[in-house]
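>>> requesting a structural model of the entry that follows:
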Amino acid sequence: MNFFLTTDLVIGVNEALSLARHLGELKTQKPGIIYDAVLEENLYFRDVKASLCADFPDAVFSSNEFGGEPTYSYLEKTAEHFRGSGVDCMVAIGGGSTMDLGKGVALLMTNNVPALSLKGFPADVFDPLPLLTVPSLPGSGAEVSYNAVFIDEEAGRKLGINSRKNFPRKAVVDPMLSMSAPEEAIISSAMDSLVHCVDSFGSVKHTPLSRIFSVEGFRRSFYALQQNQLDRAESRIDLCIGSVCGTVALMNSGDGPTNGFAYYLGVRHKVPHGMAGAIFLKEVMRYNLSHGYDRYAMLNAAPLSGTLREGAEELLFQMDDLYRQLSIPSLVSYGYTSLNAAEFAREASGALQGSFGGNPVPFDKESAEYVVKRLVQ
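Predicted coordinates:
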């Protein structure tokens with residue numbers, strides 16, 4: 001069994017106001033700071049930024065205004081902003097896309113090559129600048145992962161820069177940064193956590209240790225969503241912990257069809273990744289249960305009575321209720337019907353064999369078509 005964790009993690013209310021101390025521990029003199037443009041309207045973030053400016057008057061700032069998952073060309077443009085400035089550390093404050101941008105820039109600062117040349121799993125690269133991540137939404141888990149998603153515009157595909165050297169040196173998780181975020185963004189991010197937890201739990205590459213993180217992450221996120229009190233800092237902390245657990249589990253196991261479907265739908269229709277995953281999650285779980293995979297019962301925090309199958313069925317009933325509560329859409333909302341469902345399944349299957357291979361039961365083009373057709377009924 002192999003299991004890895006690399007990022008130093010700090011979670012706490014108002015912890016972002018102490019970023020100078022955390023940067024000091026990294027021996028930083030001149031940080032380069034990338035942040036989500038939408039955070040400019042966040043009063044708490046303004047205090048965080050003012051504190052950084054006071055402690056690091058020579059810091060170099062860049063606002064991420066891209067408004068979606070970054071392209072390689074946008075990464076190149078952002079890296080150019082910092083080149084020659086003398087920054088010795090990168091800080092990324094925002095959602096998953098901004099933190100991914102921070103990973104890419106940190107690597108390009110020490111590797112003077114075209115960003116697109118680093119796509120996939122680059123080898124023989126120099127160590128990046130130290131990176132400190134500060135998530136503004138709980139869900140993506142990008143604050144503790146080495147994966148960084150970027151879009152190849154010419155190919156129309158999400159690829160990424162996936163080097164273990166990308167691991168952030170430190171992550172500071174402060175729920176106060178997310179308190180002003182729209183509820184739909186919080187829900188989408190939390191659903192992303194659920195996808196990570198379920199896919200990693202069922203992955204054919206799971207380990208006993210990765211499953212501990214899958215189960216804890218699922219229960220934290222699911223309970224917080226069920227309680228419908230997302231405006232409370234306590235609920236946000238549960239979502240933050242669930243996010244970290246889900247991503248750690250995913251890194252140490254692998255994904256499955258749900259995450260693959262989410263990538264495909266997200267690129268085709270610009271659907272937020274978490275919501276795209278939510279659309280498929282329940283039906284993939286139901287497909288697996290109908291083919292004998294009943295271990296999902298272990299994700300349920302309630303004491304089990306009866307068989308594992310009954311426990312898994314009870315969890316899916318609870319998920320049905322949650323989907324109604326959160327108004328999770330189906331594929332119909334994106335123009336799909338019984339007339340083009342098979343086409344969507346065929347195209348997705350051709351692009352996602354790797355993700356399909358992680359499913360706990362055999363999953364192929366016919367399986368994908370079954371799931372997609374249920375989502376257009």
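
>>> may I have stretch 348-357 as CSV, with CA atoms only?
What follows is stretch 348-357, C-alpha atoms only, in CSV (Å, rounded to 0.1, in the frame of the first residue of the first chain):
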residue,chain,number,x,y,z
ALA,A,348,-18.0,10.6,-23.6
SER,A,349,-17.0,7.0,-23.7
GLY,A,350,-14.5,7.6,-26.4
ALA,A,351,-12.8,10.3,-24.3
LEU,A,352,-13.1,8.8,-20.8
GLN,A,353,-11.9,5.1,-20.9
GLY,A,354,-9.4,5.9,-18.2
SER,A,355,-12.1,7.1,-15.8
PHE,A,356,-14.4,4.3,-16.7
GLY,A,357,-11.7,1.8,-15.8
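
>>> what's the residue nearest to the spatial centre of the chain sitting at in phi/psi?
Centroid check for the chain by Cα atoms, centre = their mean gives residue 140 as the closest residue, at 2.1 Å. Dihedral pair for residue 140: phi -70, psi -30, per degrees, to the nearest 10.

>>> which residues touch it?
If a contact means Cβ atoms under 8 Å, 6 or more residues apart in numbering, then residue 140 has 95-96, 99, 189, 192, 243, 247, 273-274 as its contacts. Every C-beta, even on glycine, is put in place using the N, C-alpha and C of the backbone.

>>> please parse this structure into its domains.
8-178, 183-374 (automatic domain parsing).

>>> looking at the ones you listed, spot the one closest to residue 2.
Closest to residue 2 of the domains of the chain is domain 183-374 (Cβ to Cβ; 7.4 Å).

>>> what is the mean pLDDT for the closest one?
Averaged over domain 183-374, pLDDT sits at 91.

>>> and for stretch 128-141?
In the prediction, stretch 128-141 has an average pLDDT of 93.

>>> give me the buried positions along that stretch.
128-141 (16 or more other Cβ atoms under 10 Å).

>>> secondary structure added to those, as CSV?
Shown next, in CSV, are the buried residues of stretch 128-141 (DSSP: H, G, I helix; E, B strand; the rest coil):
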residue, secondary structure
128, coil
129, coil
130, coil
131, strand
132, strand
133, strand
134, strand
135, strand
136, coil
137, coil
138, coil
139, coil
140, coil
141, coil
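
>>> for residue 6, state which of the residues you listed is nearest.
Closest to residue 6, out of all of the buried residues of stretch 128-141 and judged by Cβ to Cβ, is residue 131, at 11.2 Å.

>>> my guess is that closest one meets residue 92, correct?
Yes. Judged on Cβ atoms under 8 Å, residue 131 makes contact with residue 92 at a distance of 6.7 Å.

>>> can you pull the residues that touch both of those two?
102-103, 168.

>>> most neighbours of all those, which one?
Neighbour counts for the shared contacts of residue 131 and residue 92 (other Cβ atoms under 10 Å) peak at residue 102, which has 33 neighbours.

>>> and it, what does it touch?
Contacts of residue 102 (Cβ under 8 Å, 6+ apart): 34, 90-92, 131, 133, 168.

>>> over to residue 20?
Residue 20 touches 51-52, 55-56, counting by Cβ under 8 Å, 6+ apart.

>>> do the same with residue 62
Residue 62 neighbours (Cβ under 8 Å, 6+ apart): 32-35, 78, 81-82.

>>> am I right that it is in a helix?
No. Assessed with three-state DSSP, residue 62 is strand; it does not lie in a helix.

>>> okay, it: pLDDT?
So, for residue 62, pLDDT stands at 98.

>>> ok, now the one 10 residues further on?
What the model reports for residue 72 is a pLDDT of 94.

>>> wait, residue 136 touches residue 178, no?
Yes. The pair residue 136 / residue 178 is scored as a contact, 5.7 Å apart, by Cβ under 8 Å.

>>> who does the strand or helix carrying residue 262 touch, helix- and strand-wise?
Element membership for residue 262, per DSSP states H and E: helix 257-269. Applying 3 or more Cβ pairs under 8 Å, 6 or more residues apart in numbering; DSSP states H and E, one finds that helix 257-269 contacts strand 157-158, helix 183-202, helix 273-290, helix 341-351, helix 353-356, helix 365-374.

>>> out of the ones you listed, which is the most enclosed?
A comparison of the helices and strands packed on helix 257-269 by mean neighbour count, using mean count of other Cβ atoms under 10 Å, puts helix 183-202 on top with a mean of 26.

>>> next SSE after that helix?
Downstream of helix 183-202, the first helix or strand assigned by DSSP H and E is helix 208-227.

>>> list the buried residues of that next one.
Those would be 210-211, 213-222, 224-225, for helix 208-227 by 16+ other Cβ under 10 Å.

>>> next SSE after it?
Next along the chain from helix 208-227, counting by DSSP H and E, comes helix 233-251.

>>> that following helix packs against which elements?
strand 8-11, strand 170-173, helix 183-202, helix 208-227.

>>> mind doing that once more with 10 Å?
Packing partners of helix 233-251 (3 or more Cβ pairs under 10 Å, 6 or more residues apart in numbering; DSSP states H and E): strand 8-11, strand 131-135, strand 170-173, helix 183-202, helix 208-227.

>>> re earlier: now for the contacts of residue 102: which two are most distant?
For the contacts of residue 102, the farthest-apart pair by Cβ to Cβ is 34 and 168; their separation is 12.6 Å.

>>> what is in contact with these two at once?
90-92, 99, 102, 106, 131 (Cβ atoms under 10 Å, 6 or more residues apart in numbering).
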